[in-house]
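K.L.:
Could you look at this predicted model? Sequence included:
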Amino acid sequence: MVLCKPGLAEERACKTLTVSGNPEYPPLLWEDSREPEALTGVATALLAEILEPLGVKLEVKSLGSWARVQRHARYGELDMIAGAFITPERTQYMDYLLPPFTQLTVSVWVPKDRVFEYRHWPDLKGKQGGTLINNSFGQGFDSFAEKSLEIVGVRTIEQSFEMALAGRVDYVLYERLQGQVKLQRLGLADEFVALDVPISTEGLFYTFSKKSPCNTFELRERIADRLYTLLNSGRLDSLISEYTARYMSLQP
């Protein structure tokens, strides 16, 4: 297949990039209470710095649940998702931009008074888990979970933690960074512990909808070049510190 340079009409169509993502992902992404239809966080701040010298305007939208965001990308109603793990299903309707902009460790979170021994995935058999609808934790674990585990998907991670406190589920699957930030702001940091052994550690990527008019070889390459430069400069770490502080300063 020959990759051709996009024409002028195609370039004009890419002056604005419509982006969304998982609204339950602080400090990487969350809904901005001051702008109910927008998201804020590390993922979009870094993307804005990538796009600015490229002359592409960033339009960030809050579309509701993570499951709904993925549906919009599937049907081309969204140009890009700011943060997704790779799964076989998602590669059918999204193109992943290299490199991943961060690596995330997924933990088993349990109420402190109901800690159980966990060494590897089979230790979760016979227990009830909770997480977000349509969440993925790597192809290997997803396949194992589908065949062997009972995991309830809900719309917000707060629901999962509340269900664990009420004894309706035994554990919650959620990223370690996001869990620490989320629980601290909810005032539940002393109620939960992340078990030592992680479920997985996966790269988190910016992804283009295959149906987006902005999804061109040239733009993907230019974004990748800027992403490499910013990651190598240590910019991600400073943004994580900045946006963690912003999220923690919000009123519960």
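P.N.:
Everything's here; your move.
K.L.:
Mark out where each domain of this protein begins and ends.
P.N.:
8-102+203-248, 105-201 (automatic domain parsing).
K.L.:
Now do the helices in the stretch 151-252 of the chain.
P.N.:
Under the criterion DSSP state H, counting those that start in this stretch, the stretch 151-252 of the chain carries helices at the ranges 157-165, 176-186, 217-232, 235-248.
K.L.:
picking that back up, got the domains of the chain as TSV, with mean neighbour count columns?
P.N.:
Every residue, glycine included, has its C-beta placed from N, CA and C. Shown next, in TSV, are the domains of the chain (neighbours: other CB atoms under 10 Å):
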stretch	mean neighbour count
domain 8-102+203-248	18
domain 105-201	17
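K.L.:
could those go into JSON lines alongside mean pLDDT?
P.N.:
Listed next are the domains of the chain as JSON lines, based on pLDDT from 0 to 100:
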{"stretch": "domain 8-102+203-248", "mean pLDDT": "92"}
{"stretch": "domain 105-201", "mean pLDDT": "95"}
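K.L.:
Against Cys14, how distant is Val106?
P.N.:
33 Å (CB to CB, to the nearest Å).
K.L.:
Kindly apply the preceding question to Asp123 instead.
P.N.:
Counting by CB to CB - Asp123 and Cys14 are separated by 48 Å.
K.L.:
for the spatially closest residue to Ser212 that is not a sequence neighbour, what are its contacts?
P.N.:
Leaving aside its sequence neighbours, Ser212 sits nearest to Asp79 (CB to CB, 6 or more residues apart in numbering; 4.2 Å). Taking CB atoms under 8 Å, 6 or more residues apart in numbering, we find Asp79 in contact with Leu17, Thr18, Val19, Phe208, Ser209, Ser212, Pro213, Cys214, Asn215.
K.L.:
now the residues you listed as TSV including distance to Met94?
P.N.:
TSV is the format used below for the contacts of Asp79 (distance: CB to CB, whole Å):
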residue	distance to Met94
Leu17	14
Thr18	14
Val19	13
Phe208	6
Ser209	6
Ser212	9
Pro213	15
Cys214	13
Asn215	9
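K.L.:
Which one of those is nearest to Leu54?
P.N.:
Leu17 (9.5 Å; CB to CB).
K.L.:
next structured bit after whatever helix or strand the closest one lives in?
P.N.:
Using DSSP states H and E, Leu17 falls within strand 16-20. Next helix or strand after strand 16-20 toward the C-terminus (DSSP H and E): strand 24-25.
K.L.:
Which other helices and strands does that following strand contact?
P.N.:
Applying 3 or more CB pairs under 8 Å, 6 or more residues apart in numbering; DSSP states H and E, one finds that strand 24-25 contacts helix 176-186.
K.L.:
didn't Ser148 look like it was pressed against Gly126?
P.N.:
No. In this structure, Ser148 is not within contact of Gly126 by CB atoms under 8 Å, at 9.7 Å.
K.L.:
hang on, the earlier thing: hmm, which two among the contacts of Asp79 are most spread apart?
P.N.:
Val19 and Pro213 (14.2 Å).
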